[in-house]
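Novice: structure for the following, please:
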Amino acid sequence: MNVFFDKERGAFRLDTPRSSYIMALADGKWLGHVYNGPRLAGGELDWAEACLDLDEKPYTPDRCLSACLTLPYEKQKLVTLHGSWARERGVQVQEIARGFQGTSSRRGISSHQEHPFLAVVSPDAAQERGEVYAMHFVYSGNFLAQVQRDQFDQLRVVMGIHPEEFSWKLEPGEAFQAPEAVMVYSAERLGGMTRALRDLYRGHLICRPYGPRPVLLNNWEATYFDFDEERLLEIAARAAGLGVELFVLDDGWFVNRSTDSGGLGDWEADRKKLPHGLAGLARRLKELGLDFGLWMKPEMVSVDSRLYREHPDWALQTGRRRPMLCRDQLALDLGRPEVEEYGWRKISGTLRSAPISYLKMGYEPASDQPGKRWTAAGPAGGSIPPVRAGALPAPAAIDG
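Specialist: Numbers count the residues shown, from 1 in each chain. Take a look at the predicted model:
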């Protein structure tokens, strides 16, 4: 095993008989960027990521964690984040007992219930003193964040895609790139950790290709489902006078949506509320000097919708059992090609129907009910096909 530091490229490199590992620098600060793959030939640094030597035959990994850190146990404590609606990011601190502990999600999303973060902090730490080793997962699906204290009082901290139900078939020459895990060390406990993460994400992860974010007003808390075009324009006119630049129309703009028990999946503008449609509302907002934004949640379907009545099998359900509902809705099985195609047409058609400069995407597909696995050829034991590219109009911002 050999470790090198390449001054010209500003990176450490560790070579083993079969693999190379690289930790890169950016702007003179550690980013925790790691290469893990076949040994690099000729001494040159190859910046490709997450490659596997498949020996000219298919391979299906069923476990792929993104970070692993070993520490001595010195009576540290474990910090995780949990929460619920309107009570997000609750801090939970606990002693690190022997065995496994941490946080995870197997619901298809990370969510505000379980956040993909953990920190190991010194026992006497306060907001501005003490040591902290933290990990944060740059991924919104199933995850595992775990610490193990073994019989020798060593801590093994890992983070990555949750192994349960994970598999990804790779043909010869193909690669799988695991999501990135950000690792932080701070001698200034949580305060220093927070500042390091903030600077990293603002400087390197949050892209702003459209310039500064606009000042926006969302109608949801003001109206919920009880609105029409004139009421929206009255609110918008007052907002424009206060310097608001963007008006976002939230839930309730489509047919059969006077409550949250119906309508999801159909995505047709309600002409009783919006007699001039989305395009007409956008035009009148522009006359007030406001851009137009819109809310959608295309991964869900209401039981009381035309889509569900015509295609109940498109929802994630388990055989003949009665489906478990949340807010009278189910998650669509986007692994099915025809469901993906339908969602694609509805999103693109809506975005083309009006000058929409901002898209707010609701994201609540908690997959507590398993569905079929799909390949390009149909239902099978493979994995969900990748999202395809296409010529959608580019909204000015995407809000998850």
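Novice: which residues of the stretch 201-350 of the chain fall in helices?
Specialist: 220-223, 229-241, 277-287, 306-310, 337-352 (DSSP state H, counting those that start in this stretch).
Novice: including mean neighbour count and mean pLDDT, could the ones you listed go into JSON lines?
Specialist: C-beta here means a position set from N, CA and C on the backbone, and glycine is covered the same way. Shown next, in JSON lines, are the helices of the stretch 201-350 of the chain (neighbours: other CB atoms under 10 Å; pLDDT from 0 to 100):
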{"stretch": "helix 220-223", "mean neighbour count": "14", "mean pLDDT": "96"}
{"stretch": "helix 229-241", "mean neighbour count": "16", "mean pLDDT": "98"}
{"stretch": "helix 277-287", "mean neighbour count": "18", "mean pLDDT": "98"}
{"stretch": "helix 306-310", "mean neighbour count": "15", "mean pLDDT": "96"}
{"stretch": "helix 337-352", "mean neighbour count": "16", "mean pLDDT": "95"}
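Novice: and these: which comes nearest residue 265?
Specialist: With CB to CB as the measure, helix 306-310 is the member of the helices of the stretch 201-350 of the chain nearest residue 265 (3.6 Å).
Novice: list the contacts of that closest one.
Specialist: 265, 266, 301, 302, 314, 315, 330, 342 (CB atoms under 8 Å, 6 or more residues apart in numbering).
Novice: what of stretch 135-143?
Specialist: With CB under 8 Å, 6+ apart as the criterion, stretch 135-143 contacts 66-67, 69, 104-110, 116-119, 145, 157, 159-162, 164-166, 179-184, 197, 205, 363, 400.
Novice: still on that earlier bit, what's the closest of the helices of the stretch 201-350 of the chain to residue 98?
Specialist: Per CB to CB, nearest to residue 98 of those: helix 337-352, 45.6 Å.
Novice: name the strands paired with the helix or strand just after that closest one and say parallel or antiparallel.
Specialist: Under the assignment DSSP states H and E, the closest C-terminal helix or strand after helix 337-352 is strand 356-361. Next to strand 356-361 in the sheet, as set by DSSP bridges, lie strand 291-296 (parallel), strand 398-399 (parallel).
Novice: pLDDT (mean, whole number) over strand 356-361?
Specialist: What strand 356-361 shows for mean pLDDT is 93.
Novice: buried ones in it?
Specialist: 356, 357, 358, 359, 360 (16 or more other CB atoms under 10 Å).
Novice: now the two most distant members of those.
Specialist: By the measure CB to CB, 357 and 360 form the most distant pair in the buried residues of strand 356-361, at 11.6 Å.
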